[in-house]
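Q: Here is the input, now give the coordinates:
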Amino acid sequence: MPEPTPIVASTDQFAAIRYNADGLVPAIVQEQGTGRVLMMAWMNEESLRRTLETGRTWFWSRSRQEYWCKGETSGDRQYVREAYYDCDGDTLLFVVEQEGRGACHTGEYSCFFRAFGQVSEANAAGS
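A: I've put the predicted structure just below:
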């Protein structure tokens with residue numbers, strides 16, 4: 001089983017993050033080793049702090065209005081290995097070790113499994 005690795009951030013680094021009007025910032029999650037983008041979810045300052053302090057990804061659910069730690073119910077946990085913020089401070093990137101079946105709640109490994117320009121089986125059957 002992977003081990004969590006906390007990441008220490010400075011006060012200046014936390015201050016550099018630019019949250020939107022709802023107090024949120026998009027967080028992209030990328031798989032260590034493959035570079036595959038697994039998911040995007042929202043973080044507020046508290047979920048960012050929890051993520052860095054615990055070494056596990058924590059997000060803010062806009063629909064449920066609560067914090068959630070990825071994999072606590074599914075077992076598909078993410079262990080943070082690297083954490084970045086972009087040049088404008090308005091997007092986060094986490095490089096993780098993915099445990100379990102994957103990151104997507106649909107059962108797919110990545111949330112980005114649908115490509116533009118490809119006909120899905122459901123659409124092909126109806127045409």
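
Q: Nearest the geometric middle of this structure, what residue?
A: Centre of the chain computed as the mean C-alpha position; nearest residue by C-alpha atoms, centre = their mean is V29, 3.9 Å away.

Q: buried ones in the longest helix seen in the chain?
A: Among the elements of type helix in the chain, defined by DSSP state H, the one spanning the most residues is helix 45-54. Of the residues in helix 45-54, those with enough neighbours to count as buried (16 or more other C-beta atoms under 10 Å) are 47-48, 50-52, 54. Quick note: C-beta positions are derived from backbone N, CA and C, even for glycine.

Q: closest to V25 among the residues you listed?
A: Using C-beta to C-beta, L48 comes nearest to V25 of the buried residues of helix 45-54, at 7.5 Å.

Q: pretty sure the closest one is in contact with Y85, am I right?
A: No - L48 is not in contact with Y85 according to C-beta atoms under 8 Å; the separation is 9.2 Å.
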